[in-house]
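Student: pasting the sequence and the predicted model now:
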Number of protein chains: 2
Amino acid sequence: MTGAERRPRAVVLLSGGLDSATTLAMAVDEGFECHTLALDYGQRHRAELEAAASLSAALGAAGHRTVQVDLRRIGGSALTDDIPVPVSSSDSESTSDPTSDGIPVTYVPARNTVLLAIATGLAETLAADALFIGVNAVDYSGYPDCRPQFIAAFEDLARLATKRGVEGHELAVRTPLIHLSKAEIIRSGDALGVDYSGTVSCYQADATGRACGHCDSCRIRRDGFEAAGVPDPTRYVDRCID
Amino acid sequence: MTGAERRPRAVVLLSGGLDSATTLAMAVDEGFECHTLALDYGQRHRAELEAAASLSAALGAAGHRTVQVDLRRIGGSALTDDIPVPVSSSDSESTSDPTSDGIPVTYVPARNTVLLAIATGLAETLAADALFIGVNAVDYSGYPDCRPQFIAAFEDLARLATKRGVEGHELAVRTPLIHLSKAEIIRSGDALGVDYSGTVSCYQADATGRACGHCDSCRIRRDGFEAAGVPDPTRYVDRCID
């Protein structure tokens, strides 16, 4: 960081969901000049991308970019292929893990590696000091590329991958949510003034961003608001959720 | 690898240039079932992408994919921005390094990190055993993400980033050109029957893949054929090169 010369600068990965919106609010609160980056990887829930652009402005980022990368060409995930998104079979389940091997079928192969790689390129162009990504404990129960050891390995890689890294500049990969539950994330964001009605978590949100209320992501989110004791502002397609 | 059950499988990054074509020929020669991957990152020399598809078939790959990722949105490189490509000021120069800090202005921020990240996703989907990338000594004099230590760090990352890695499968990141000069690469590929007339190296090739004969990439290639003692089959726009 350059101290008194300028504010520290960060690239913040912003999907339009609850976690990344909270991460952005935390980075702004820490004093970073934040440049947000959304990845359009052919996901079904395009309302997320529109939410990301709106959240970036609402939360005070200095700029926002959407980068297209067509991960449908490499296949392997329910979020981008034409196989059904999993629906909770029981409300008594408490994890997001519908597969036998502990990895959700909604896993996009190497998604966070691709996200962080593109963010590293932008960080190089902007001479940023940090990358922020909203991975957390709820995710890394199932997704290999949300675990702390993955993040640490990426930080090592970024140092070797870039011109700035070679010149001795640090690029910290910051994960302020990594040890937080969904309820703790919501309480933190609520305290920072995040308006969660503008975030989209649903795997199959409609064109206006309204949530289905039934998929794993909706269930985790709903349970999170309840556990946090924060009113759930989510706009549901069907108000009569089970 | 599964030994007698099936041939080992590889994802081979194929740009359409001389280096990656040679790398593919080496992977095929080693007995890998090769799936080639080209990245369309908004580069000027689109003839490369067409060359990649043709080379993939000619060299015996099992399949070819082109994935779009718009790196122009993150800026910072002469290959994707509107700043001029460097032209050799002297034929007596022997490196590809036109900048004061040792990193060419043709560097695309984090390009190889993005390439390898997407290739890792495809390797996950295909249950591949190896990734091949044609980085080499000519490149890593200037590009941070062509160095052996970068490749080693990426291999560590891929192990942590993927479902297959978590399950204990290895994904080797293979760089068969890494210690070879351009002349040695050309001699190796020539021995394996690579038809270099179908490869495009020029930074500003025309729509049919004809080379300018003057940019750094053309100069390195031309010198390589001369040093290898292999006739240069490159199709130049202007046959009267200096």
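Tutor: Arrived safely.
Student: what element comes up after the worst-scoring helix or strand of chain A on mean pLDDT heading to the C-terminus?
Tutor: Within chain A, no helix or strand scores below helix A:137-140, which has a mean of 68 by mean pLDDT, DSSP states H and E. Next helix or strand after helix A:137-140 toward the C-terminus (DSSP states H and E): helix A:148-161.
Student: the following helix or strand past that next one packs against which elements?
Tutor: For helix A:148-161, the succeeding helix or strand toward the C-terminus, using DSSP H and E, is helix A:163-166. Using 3 or more Cβ pairs under 8 Å, 6 or more residues apart in numbering or on different chains; DSSP states H and E, the elements in contact with helix A:163-166 are helix A:111-126, helix A:148-161. Where C-beta positions appear, they are placed from N, C-alpha and C, glycine not excepted.
Student: any idea which of those helices is most buried?
Tutor: helix A:111-126 (a mean of 27; mean count of other Cβ atoms under 10 Å in any protein chain shown).
Student: return it as CSV; C-alpha atoms alone will do.
Tutor: Extracted C-alpha coordinates of helix A:111-126, given in CSV (Å, rounded to 0.1, in the frame of the first residue of the first chain):
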residue,chain,number,x,y,z
ARG,A,111,-15.2,-21.3,-11.1
ASN,A,112,-13.4,-19.5,-8.3
THR,A,113,-10.1,-20.2,-9.9
VAL,A,114,-11.4,-18.5,-13.1
LEU,A,115,-12.9,-15.6,-11.1
LEU,A,116,-9.8,-15.0,-9.1
ALA,A,117,-7.6,-15.2,-12.2
ILE,A,118,-9.6,-12.5,-14.1
ALA,A,119,-9.7,-10.4,-10.9
THR,A,120,-5.9,-10.8,-10.7
GLY,A,121,-5.6,-9.4,-14.2
LEU,A,122,-7.8,-6.4,-13.3
ALA,A,123,-5.8,-5.9,-10.1
GLU,A,124,-2.6,-5.8,-12.2
THR,A,125,-4.1,-3.1,-14.5
LEU,A,126,-5.5,-1.0,-11.6
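Student: run the chain-centre distance for it.
Tutor: In terms of Cα atoms, centre = their mean, to the nearest Å, the gap separating the centre of helix A:111-126 from the centre of its chain is 14 Å.
Student: quick check: neighbours of whichever strand in chain A runs longest in the sheet, parallel or antiparallel?
Tutor: Criterion DSSP state E: the longest strand present in chain A is strand A:33-40. Strand A:33-40 has these partner strands in its sheet, going by DSSP bridges: strand A:9-13 (parallel), strand A:63-68 (parallel).
Student: quick one: residue A:130 from chain B, how far?
Tutor: For residue A:130, the distance to chain B equals 15 Å [Cβ to the nearest Cβ, to the nearest Å].
Student: what's the spacing between that residue and residue A:74?
Tutor: Distance, residue A:130 to residue A:74, using Cβ to Cβ, to the nearest Å: 28 Å.
Student: returning to what we had before: among the strands paired with strand A:33-40, which is the most enclosed?
Tutor: strand A:9-13 (a mean of 26).
Student: that strand to helix A:111-126, inter-axis angle?
Tutor: Note on geometry: by axes from the mean of the first three to the mean of the last three Cα atoms, to 10 degrees, strand A:9-13 and helix A:111-126 are set 150 degrees apart in direction.
Student: check which helices and strands whatever helix or strand comes next after strand A:9-13 sits against.
Tutor: Later in the chain than strand A:9-13, the nearest helix or strand by DSSP H and E is helix A:18-29. Packed against helix A:18-29 by the contact rule (3+ Cβ pairs under 8 Å, 6+ apart) you find strand A:9-13, strand A:33-40, helix A:47-58, strand A:130-132, helix A:182-191.
Student: how about helix A:18-29: buried residues?
Tutor: Buried residues in helix A:18-29, counted by 16 or more other Cβ atoms under 10 Å in any protein chain shown: A:18-28.
Student: report the contact partners of residue A:46.
Tutor: Counting by Cβ atoms under 8 Å, 6 or more residues apart in numbering or on different chains, residue A:46 makes contact with A:40, A:207.
Student: which stretches of chain A have low pLDDT?
Tutor: A:1-4, A:43-45, A:76-107, A:139-141, A:239-242 (pLDDT under 70).
Student: coming back round to it: closest one to residue B:195 among the helices and strands packed on helix A:18-29?
Tutor: strand A:33-40 (37.4 Å; Cβ to Cβ).
Student: what does that closest one rub up against?
Tutor: By Cβ under 8 Å, 6+ apart, strand A:33-40 touches A:6-16, A:24, A:27-28, A:46, A:48-49, A:52-53, A:55-56, A:59-69, A:114-115, A:118-119, A:122, A:126, A:128, A:132.
Student: follow-up on the earlier one: now distance to residue A:233 too, for the helices and strands packed on helix A:18-29, in TSV please.
Tutor: Output for these, formatted as TSV (distance: least, Cβ to Cβ, whole Å):
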stretch	distance to residue A:233
strand A:9-13	22
strand A:33-40	21
helix A:47-58	13
strand A:130-132	23
helix A:182-191	10
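Student: give me whichever of the ones you listed is most buried.
Tutor: strand A:9-13 (a mean of 26).
Student: quick one on the thing from earlier: turn the helices and strands packed on helix A:163-166 into CSV, columns for distance to chain B.
Tutor: Output for the helices and strands packed on helix A:163-166, formatted as CSV (distance: least, Cβ to the nearest Cβ, whole Å):
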stretch, distance to chain B
helix A:111-126, 4
helix A:148-161, 4
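Student: which of those helices sits closest to residue A:198?
Tutor: helix A:111-126 (21.0 Å).
Student: just want the angle from that closest one to helix A:148-161.
Tutor: On the basis of the same axes, to 10 degrees, helix A:111-126 is oriented at 40 degrees to helix A:148-161.
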